[in-house]
Every structure is written in structure tokens, then in C-alpha cells.
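**Student:** just the structure for this:
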Amino acid sequence: MTKIAVIIPAFNEVHSIGKVVAAIPNTVYKIVVVDNASTDATAQVAESHGAVVLHEKQKGYGYACLKGIAHLQEDPPEIVVFLDGDYSDYPEDLDQLVDPIIEGTVLFCLGARDKKLREPGALTPQQVFGNALACLLMRWLYQSNFTDLGPFRAIRWQTLQSLEMHDKTYGWTVEMQLKILRRKLPYSEIPVRYRKRIGVSKVSGTVKGTLLAGYKILTWIGKFYFSKWK
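**Tutor:** This next block holds a predicted model:
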């Protein structure tokens, strides 16, 4: 059986993290929840549901993901899946997300939050616009087929290691996709279901978070295109 590990960055997701962990298929051998300086009982709830809980005091989505990756170095998986801890993703869709990688056709698979499968209101207007703009730019600059920057994604472990991820905050997802495109690595998108998150988003739920995320994503696209980064 393919060794699959899941990394879930979580900040104050006490009401949702248990549901997320419980819904992950048993094809996964390890679930890592990275508590990103929560002030509630997120860590305790995740641990009670069988997850390995790590603590990252430095706030930032990328910081949490990198913490989880470092932990997996001790017992590397074959595939790593990332998803959010707010229960907006459907963890049950994990198997169909990793299938193309297991079959050997791609190295990276993105769960695209398809409009037809998306609960009304699950994405804010600013998220829809930001995703569309970022994907349009990637299409122009890299002939990309990406339609989303969704957090639900799977990647082969060796590929992830080779990407040498850097971003510590909002640019984590777009950095990964840009490096996949720059290196012309095989990838695919799988339409996935998406629902309204439990609780208020720390990014799209605030004007400051939305602006910072948008700025970081667009900066990454521009900087990466005109740089020599691989």
C-alpha cells in the first residue's frame, strides 16, 4: 500500500479539526496537525482524534507546512497531502486526489474547487476574483492549466523535497504551483467539493488578510517570472 501522510495547518480550529481528522480515509498512515499558535483547544481535539500534533509558534501558513514536512523527514511517506483544518474541504475526496500520482501519470495533483461542486457562498467574491486573476497570469506566463490555488493538494514526497519551498505565509500554495510549472513537471487537477468553512477565515474573513494574501500571491507570480529561481 502506498504510504500517504497528511499535513493540516491549523489556527484556532477547535470546532472543526476533529471533523477533519475523523473524515480522512484510512488509506492514510499518518495525520500531522500543525497547531499554529492557537489560543483554543485545537491541539487537544486533534490529538484526541488520533493525529500527531506539532506546535509552530511563528504564525503563517507556510511556517506550519514546513514544520509538518520537517517532521515527516523521520519517516518519509511516498505522497503528502495538504488540506485545511476548517472543514471546508472534503477529506473523503483524498483517495481520488492521490490516484493519478499512485498511477504514475503525474507528480502533483490539485483539488480544484469546482463551481458546480461548490456550496454557494463557500468562497468569498474576493477569493473568486483573486483565484481567477492568479490563474489567468499563470496561464499567460507559463501556459498553465491551473484553474485554482486550492489548499487541498497532493504531491510525491521526492518532488516536494526537490521544490525547496520557501514561503512562510500566504504565498505557499502559489509558490508550489509556480515551481511545478517552471520545471515542467507533470500535474493534474481533480474537481473537488467545497463547503462553507466552520468559523471565520483568518485570511479572507478580514480586509487586511485578503489584501495581504492578494499582494503576496501577485508578488510571487511577478517575482518568480523575472527571476532565476528554479
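
**Student:** now do the strands in the chain.
**Tutor:** Using DSSP state E, the strands found in the chain span residues 4-10, 30-35, 52-55, 79-82, 108-118, 153-156, 187-194.

**Student:** pipe those strands into CSV and attach mean neighbour count per row.
**Tutor:** (C-beta placed from N, C-alpha, C; glycine too.) Shown next, in CSV, are the strands of the chain (neighbours: other CB atoms under 10 Å):
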stretch, mean neighbour count
strand 4-10, 25
strand 30-35, 24
strand 52-55, 16
strand 79-82, 24
strand 108-118, 20
strand 153-156, 24
strand 187-194, 20
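
**Student:** of all those strands, which lies closest to Tyr170?
**Tutor:** strand 4-10 (11.9 Å; CB to CB).

**Student:** tabulate the strands of the chain (JSON lines), appending distance to Ala41 and mean pLDDT.
**Tutor:** Output for those, formatted as JSON lines (distance: least, CB to CB, whole Å; pLDDT from 0 to 100):
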{"stretch": "strand 4-10", "distance to Ala41": "11", "mean pLDDT": "98"}
{"stretch": "strand 30-35", "distance to Ala41": "10", "mean pLDDT": "98"}
{"stretch": "strand 52-55", "distance to Ala41": "11", "mean pLDDT": "98"}
{"stretch": "strand 79-82", "distance to Ala41": "23", "mean pLDDT": "98"}
{"stretch": "strand 108-118", "distance to Ala41": "28", "mean pLDDT": "96"}
{"stretch": "strand 153-156", "distance to Ala41": "27", "mean pLDDT": "98"}
{"stretch": "strand 187-194", "distance to Ala41": "26", "mean pLDDT": "97"}
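
**Student:** need those strands in a markdown table with distance to Met138, can you?
**Tutor:** Below are the strands of the chain laid out as a markdown table (distance: least, CB to CB, whole Å):
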| stretch | distance to Met138 |
| --- | --- |
| strand 4-10 | 23 |
| strand 30-35 | 27 |
| strand 52-55 | 31 |
| strand 79-82 | 19 |
| strand 108-118 | 12 |
| strand 153-156 | 15 |
| strand 187-194 | 12 |
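
**Student:** tell me which of the ones you listed approaches Gln96 most closely.
**Tutor:** The nearest among the strands of the chain, by CB to CB, is strand 187-194 at 5.8 Å.

**Student:** ranges for the helices of this protein?
**Tutor:** Ranges of helices within the chain are 17-23, 42-48, 61-72, 94-102, 125-142, 157-163, 172-182, 207-226, based on DSSP state H.

**Student:** which positions within the first one qualify as buried?
**Tutor:** The neighbour-count check on helix 17-23 (16 or more other CB atoms under 10 Å) flags Ile17, Gly18, Lys19, Val20, Val21 as buried.

**Student:** and stretch 84-100, by the same measure?
**Tutor:** 84-91, 93-94, 97-100.

**Student:** how about those in a markdown table, adding pLDDT and distance to Arg182?
**Tutor:** Formatted as a markdown table, the buried residues of stretch 84-100 follow (pLDDT from 0 to 100; distance: CB to CB, whole Å):
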| residue | pLDDT | distance to Arg182 |
| --- | --- | --- |
| Asp84 | 97 | 25 |
| Gly85 | 97 | 29 |
| Asp86 | 97 | 30 |
| Tyr87 | 97 | 33 |
| Ser88 | 97 | 29 |
| Asp89 | 96 | 26 |
| Tyr90 | 98 | 30 |
| Pro91 | 98 | 30 |
| Asp93 | 97 | 28 |
| Leu94 | 98 | 27 |
| Leu97 | 98 | 23 |
| Val98 | 98 | 23 |
| Asp99 | 98 | 25 |
| Pro100 | 98 | 20 |
